[in-house]
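Undergrad: Model the following, please.
(2 chains)
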Amino acid sequence: AQSVAQPEDQVNVAEGNPLTVKCTYSVSGNPYLFWYVQYPNRGLQFLLKYITGDNLVKGSYGFEAEFNKSQTSFHLKKPSALVSDSALYFCAVSPTSYGKLTFGQGTILTVHP
Amino acid sequence: DVKVTQSSRYLVKRTGEKVFLECVQDMDHENMFWYRQDPGLGLRLIYFSYDVKMKEKGDIPEGYSVSREKKERFSLILESASTNQTSMYLCASSWAPGLAGNEQYFGPGTRLTVT
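TA: Numbers count the residues shown, from 1 in each chain, chains lettered A, B, ... in the order given. Have a look, this model is predicted:
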């Protein structure tokens, strides 16, 4: 069975500093990987996905993520954090395009002014 | 822009009541999903549908049923609400083919409280 781990419940970073939100996964075969963000009292919004190809994926709002097959990781990164990036972030994995998505438990990102 | 709407943002029901949660999407998506979101557990898939009148169980279908009579509408039904079904319920939709290859678009959620 597939699974996703987000090892940090909370990440705190100062505005202007780089941020990383960690994600590791377990799945049979090649994964499809996603990051979603949830702002307070809102539904989830898609940020980026890895399907195949370049290991560095660029997404919305200046976010990017690096697929590392040997470490089974897909960490979310941004070079310079904004206060408005403060939200709940979810990593998700599927074994194929026809598989169901499995979500991690979420990481609360707080960016301090 | 894709829009997924849910019938209620907040709902309070009593134990034993039958509860209907409605979801409508306006982008002609084939796939629709119902998740529940609980702190520390992330999102868990309850049911999904890849076509009208088609439904498949997700990871936690017990105590729930669904209905998809029209392509744009996907309903979640709690036959007899219980307190352990107090949660945030999120609806999502996506294009076919594939369930996960295309990103999902989420509604704003319904926070259900069962007393």
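
Undergrad: A:K69: how many residues sit nearby?
TA: 10 (other C-beta atoms under 10 Å in any protein chain shown). Where C-beta positions appear, they are placed from N, C-alpha and C, glycine not excepted.

Undergrad: Oops, could you answer that again for B:N31 instead?
TA: By other C-beta under 10 Å, 22 other residues sit near B:N31.

Undergrad: if I look at the residue lying closest to it once chain neighbours are set aside, how far off is A:C91?
TA: Leaving aside its sequence neighbours, B:N31 sits nearest to B:S94 (C-beta to C-beta, 6 or more residues apart in numbering or on different chains; 4.6 Å). Plainly put, B:S94 is 17 Å away from A:C91 if you go by C-beta to C-beta, to the nearest Å.

Undergrad: between those two, which one's more packed in?
TA: Neighbours were counted for B:S94 and for A:C91 using other C-beta under 10 Å; A:C91 has more, 29 against 24.

Undergrad: which residue sits closest to the more buried one, ignoring its sequence neighbours?
TA: A:C91's closest residue in space is A:C23 (C-beta to C-beta, 6+ apart), at 3.5 Å.

Undergrad: Also B:D51?
TA: Per C-beta to C-beta, 6+ apart, closest to B:D51 is B:E30, 6.1 Å.

Undergrad: What is the neighbour count of that neighbour?
TA: Neighbour count of B:E30, defined by other C-beta under 10 Å: 18.
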